[in-house]
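In: build the 3D model from these lines:
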Amino acid sequence: MRICVYCASSSKVDNKYFEATKVLAKDFVSKDVTIIYGGGSYGLMGCLADTALEHGGRVIGILPRFMEKVEWGHKNLTQLVLVKDMHERKKLLIQDVDAVVALPGGCGTLEELMEVITLKRLGKFTKPIVILNTDNFYYHLKEMLQKMIDERFMRNEHNAIWQFVNNPEDVIPAILNAPHWDSDAINFAAV
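Out: This next block holds a predicted model:
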């Protein structure tokens, strides 16, 4: 299984986010998951990669060249793919993956997550999207997505695009039990 993980590059976040990331990384390694992520060496990104690699996991990073120039890239990955820009990075992060998982993060994580949700709504991405809601970090996002549905900016069927879980151990089960989604979603993308 290949799973794309979106997560923060900040090293200043609360330790609870690092602990959840370590648990997730170890769980992925134990289930023979190849991790595809943004290629960074700091924050939750670095924690995810370091923990997986320490336990024998495979980690592929996708990093824009301008970030490599300022030495943000992880030096010890299974594979580091350098790309032209952020757009190419986002495209490669989700290419041929079996799921996307979003850990807590900042505006970059949120932007990546919202793009893949939009692509799934349009039937251009059909794999599970799991949002790890550590310590209720994504409470307001969950409420906002529901408000979009309640106010008819999206359909009730769009609730099946994503799954929120509170614990890292629940990520793989959420992926395996995610509702089926296919390219026909374009037929009900409009409200």
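In: where does Glu71 land on pLDDT?
Out: Looking at Glu71, its pLDDT is 70.
In: so who does it touch?
Out: Glu71 makes no contacts at all, as judged by CB atoms under 8 Å, 6 or more residues apart in numbering. Where C-beta positions appear, they are placed from N, C-alpha and C, glycine not excepted.
In: could you do Glu88 as well?
Out: Residues near Glu88 by CB under 8 Å, 6+ apart: Pro64.
In: mind listing the strands for this structure?
Out: In the chain, the strands defined using DSSP state E lie at 2-6, 34-37, 58-64, 79-83, 99-102, 129-132, 162-165.
In: counting by contacts, list what the first one packs against.
Out: So the one you mean is strand 2-6. strand 34-37, strand 99-102, helix 107-121 (3 or more CB pairs under 8 Å, 6 or more residues apart in numbering; DSSP states H and E).
In: residues of the last one that come out buried?
Out: Judged by neighbour count (16 or more other CB atoms under 10 Å), helix 107-121 contains these buried residues: Gly108, Thr109, Glu112, Leu113, Glu115, Val116, Ile117, Leu119, Lys120, Arg121.
In: can you pull out the helices in this protein?
Out: For the chain, applying DSSP state H gives helices covering 15-30, 43-54, 65-69, 86-93, 107-121, 139-150, 171-176.
In: Leu77: which of the ones you listed is closest?
Out: With CB to CB as the criterion, Leu77 lies closest to helix 43-54 of those, at 6.2 Å.
In: if you count contacts, what does the closest one end up packed against?
Out: Packing partners of helix 43-54 (3+ CB pairs under 8 Å, 6+ apart): helix 15-30, strand 34-37, strand 58-64.
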